[in-house]
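Trainee: Need coordinates for the following:
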Amino acid sequence: MKYEALETIIKSDGLRIVLVQGFPSPWGQAAKAMIEYKGLLYRVAPQLAGEENTELLEWSGVNSGPVVAWDALAPINRWEDILFLLERLAPRKGLLPEPQKDRAHCLGLSHIICGELGLGWNRRLSMFKPILDSGEAPTGVQNMADKYGYNSEDVAKADRRVCKTLEMLADILRKQNHDGSRFFIGEQVTAVDFYWTAFSNLCSIMPAELCPLDSTIRPMFENVSEEVRSAIDPVLIEHRDFIMKEYFKVPMEL
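Mentor: The predicted structure follows:
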């Protein structure tokens, strides 16, 4: 993967994505993997974590990644908007099931993983906590904490919320495996499989040879409470490893 200047990406046509450079940010990594699964051509520009990213803000209305743009359409950044765009661009390799009940289940699980106060949101709060508690948080981390509504009430509940989500996801996978499926829903890969695989790194980061994080960044991802570690059923990691091998590029491109 080759990063191009944001200015170049803004002026280009076709499909473009802005990723958080150097981090396995799961929202962006899931979107990138789905783009590649669908066989869509794309170009990529970097977003710098914790920095102002003024040019990105002026173009897209946000200063964080991912941001996705298609031709002259306005850039989008919400996980569901990105998913729906990719479904329109490459419907033959759909990641939302056709049966309405399964489709609703897929979108509901995706929200619990990706959405506000979901798995990723809560893990991010817990990752910020030791840095902010130290009283020596870098400006970039403080900026991100402020941006994502860091507060003591939600931080106190974060790990328990994560554990409940992990337990639910494991229950679903065990039932699916019992029924002969390797996927969260039905018999085919869906968006939920991509999202869990990307977001699993917030709970159990993959080894360096598969997720080549800078050594100064990795400790933030490795700092997982014993409560969360205990809630990670082996079936979740087995599923992550299977989907990563079959549907993602490894080592991950950061």
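
Trainee: What segments of the stretch 1-150 of the chain are strands?
Mentor: All strands of the stretch 1-150 of the chain, identified by DSSP state E, counting those that start in this stretch, fall at 15-20, 43-47, 67-70.

Trainee: Tell me which of those lies nearest to residue 5.
Mentor: In terms of Cβ to Cβ, the element of those nearest to residue 5 is strand 43-47, at 6.7 Å. For glycine as for every other residue, the C-beta is placed from the backbone atoms N, C-alpha and C.

Trainee: Now do the same for the closest one: mean pLDDT, whole number.
Mentor: For strand 43-47, the per-residue pLDDT values average out at 98.

Trainee: One more: stretch 14-34?
Mentor: Mean pLDDT, stretch 14-34: 98.

Trainee: wait, which of the strands of the stretch 1-150 of the chain is closest to residue 166?
Mentor: strand 15-20 (23.4 Å).

Trainee: can you tell me how far the nearest residue to residue 54 once chain neighbours are set aside sits from residue 191?
Mentor: Of all residues beyond its chain neighbours, the one nearest residue 54 is residue 63 (7.3 Å), with distances taken as Cβ to Cβ, 6 or more residues apart in numbering. If you measure residue 63 against residue 191 using Cβ to Cβ, to the nearest Å, the figure is 25 Å.

Trainee: Please identify which of these two sits among more neighbours.
Mentor: Comparing residue 63 with residue 191 by neighbour count (other Cβ atoms under 10 Å), the higher total belongs to residue 191, at 26 against 19.

Trainee: Just give the number of residues close to the closest residue to the more buried one other than its chain neighbours.
Mentor: In space, residue 191 comes closest to residue 95 once its chain neighbours are excluded; the distance is 4.2 Å by Cβ to Cβ, 6+ apart. Residue 95 sits with 22 neighbouring residues when counted by other Cβ under 10 Å.

Trainee: Next, the contact list for residue 95, please.
Mentor: Shown here is residue 95, whose contacts under the criterion Cβ atoms under 8 Å, 6 or more residues apart in numbering are 34, 37-38, 83, 86-87, 106, 189-191, 194.

Trainee: Narrow those residues to those in helices?
Mentor: Restricting the contacts of residue 95 to those inside helices, with DSSP state H as the criterion, leaves 34, 37, 83, 86-87, 106, 191, 194.

Trainee: and of the strands of the stretch 1-150 of the chain, who's closest to residue 110?
Mentor: strand 67-70 (15.9 Å).

Trainee: how does this protein divide into domains?
Mentor: According to automatic domain parsing, the chain comprises the domains 6-93, 100-247.

Trainee: Would you quantify the distance from residue 72 to residue 210?
Mentor: From residue 72 over to residue 210 (counting by Cβ to Cβ), the distance is 37 Å.

Trainee: Between those two, which has more neighbouring residues?
Mentor: Remark: of residue 72 and residue 210, residue 210 carries more neighbours, 16 against 6, as counted by other Cβ under 10 Å.

Trainee: Return the distance of the helix ranked longest in the chain from the chain's centre.
Mentor: Residue-count comparison of every helix in the chain, with assignments taken from DSSP H, identifies helix 152-178 as the longest. Its chain's C-alpha centre lies 16 Å from the corresponding centre of helix 152-178 when counted by Cα atoms, centre = their mean, to the nearest Å.

Trainee: got it, and stretch 60-80?
Mentor: Its chain's C-alpha centre and that of stretch 60-80 lie 15 Å apart, by Cα atoms, centre = their mean.

Trainee: mind listing what's buried in that stretch?
Mentor: Counting neighbours by 16 or more other Cβ atoms under 10 Å, one finds that the buried residues in stretch 60-80 are 60, 62-70, 75-77, 79.

Trainee: try stretch 93-108
Mentor: Within stretch 93-108, the residues that qualify as buried are 94-97, 105-107, counting by 16+ other Cβ under 10 Å.

Trainee: what mean pLDDT does it have?
Mentor: Across stretch 93-108, pLDDT averages out at 97.

Trainee: got the end-to-end distance for that stretch?
Mentor: Across stretch 93-108, the straight-line distance between its terminal residues is 20 Å, by Cα to Cα, to the nearest Å.
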